[in-house]
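Trainee: Need the 3D shape of this:
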Amino acid sequence: MIKLIASDIDGTLVPDGTAKIDKRMFDIIKRLKEHGIIYVGASGRQFASMARLFAPVSEDIYYITEGGTVVRDTRKVYDMHVIDRKLLFEMIKDVKKLPECDIMLSGLDTAYCEDKSEMFYWMRDSYRFNIEVVGDFETHLTDEIVKLSIYHKDNAEAIVNEWFTDKWKDHFKIASAGIMWMDVTGLTADKGNALKALQKQLGITKEETMAFGDNLNDLGLLDAAAESYAIGSARDEVKAAAKHVAPPLSENGESEVLLELLRKLEEN
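Mentor: Prediction:
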């Protein structure tokens with residue numbers, strides 16, 4: 001029996017960079033909870049953005065945030081992976097060599113950038129992030145950082161993979177989070193390992209877990225769940241790795257799968 005459901009957010013549950021969630025999800029999450037099933041949002045987003053997205057049920061779910069670097073609920077942080085500060089600043093110098101790319105650094109509760117770029121306004125106004133402009137990172141940044149995100153308006157993966165990935169792949173996990181984003185985290189920090197840590201915390205097995213995703217940074221999440229779903233609009237690599245393919249995001253594929261699960265539960 002399924003006891004835990006984990007879902008990616010952008011590209012799986014909402015269109016990238018929006019808060020356009022299927023409003024039925026709030027009732028679905030409440031009904032799942034009545035059946036003893038825990039819901040987990042798993043995203044590259046920060047906690048504040050996710051809590052706002054799930055506002056009607058924010059106290060009822062768990063959160064895997066910042067690409068798997070933090071596991072928490074609204075009251076407690078269970079796990080957190082911090083990037084070594086010396087390596088962080090060395091890596092930032094290399095990111096600044098990438099053409100037309102911006103940098104966002106993520107702390108536990110706040111994101112940081114150096115200036116008010118297009119990315120800053122998008123993160124603040126669309127993703128609804130807590131984000132601050134600090135000027136030069138090396139001079140002014142004091143917070144512990146769990147993730148570095150590289151932003152390009154339409155080609156982040158190709159630009160980062162030209163040389164940056166090869167240079168840093170032995171020190172960090174570098175994964176696509178959509179055409180505009182490449183996320184850099186510690187080698188052991190990803191959504192899959194975060195889900196495994198939460199499973200252990202809650203005493204829930206892989207066989208009792210369902211997961212949904214659409215992009216390369218969701219592969220670990222899907223691998224940690226026996227009932228894994230690629231959303232119908234997912235990358236081909238994700239569809240190949242998943243046990244099932246749900247309808248696309250445009251048809252609220254995750255909602256439809258979960259409503260069918262609830263229908264079967266409520267028939268018994």
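Trainee: and Thr18, how many neighbours?
Mentor: By the criterion of other C-beta atoms under 10 Å, Thr18 has 12 neighbours. All C-beta atoms are positioned from the backbone trio N, CA, C, and that covers glycine.
Trainee: What of Ser233?
Mentor: For Ser233, the neighbour count with other C-beta under 10 Å is 19.
Trainee: and the nearest residue to it once chain neighbours are set aside, what does it touch?
Mentor: The shortest distance from Ser233 to any residue other than its chain neighbours is 4.0 Å, reached at Pro248 (C-beta to C-beta, 6 or more residues apart in numbering). By C-beta atoms under 8 Å, 6 or more residues apart in numbering, Pro248 lies in contact with Ile231, Gly232, Ser233.
Trainee: need the contact list for Leu87.
Mentor: Listed by C-beta under 8 Å, 6+ apart, the contact set of Leu87 reads His171, Phe172.
Trainee: for stretch 126-139, how far is the first residue from the last?
Mentor: Using C-alpha to C-alpha, to the nearest Å, the end-to-end distance of stretch 126-139 comes out at 28 Å.
Trainee: Please report phi then psi for Ala224.
Mentor: With angles defined as degrees, to the nearest 10, Ala224 sits at phi -90, psi 0.
Trainee: With the one 5 residues further on instead?
Mentor: Main-chain torsions, Tyr229, degrees, to the nearest 10: phi -120, psi 130.
Trainee: can you check Lys3 too?
Mentor: Backbone torsions of Lys3, given as degrees, to the nearest 10, read phi -120, psi -10.
Trainee: If we ignore the residues flanking it in sequence, what's nearest Ser228?
Mentor: Distances taken as C-beta to C-beta, 6+ apart place Leu222 nearest to Ser228, at 3.8 Å, with adjacent residues excluded.
Trainee: Distance check, the closest residue to Thr69 other than its chain neighbours against Asn268.
Mentor: Spatial nearest neighbour of Thr69, chain neighbours left out: Val146 (3.8 Å); criterion: C-beta to C-beta, 6+ apart. To Asn268, Val146 is 41 Å away according to C-beta to C-beta, to the nearest Å.
Trainee: cool, Ala230 as well?
Mentor: Plainly put, Ala230 is 27 Å away from Asn268 if you go by C-beta to C-beta.
Trainee: can you check Gly220 too?
Mentor: Separation of Gly220 from Asn268 (C-beta to C-beta): 32 Å.
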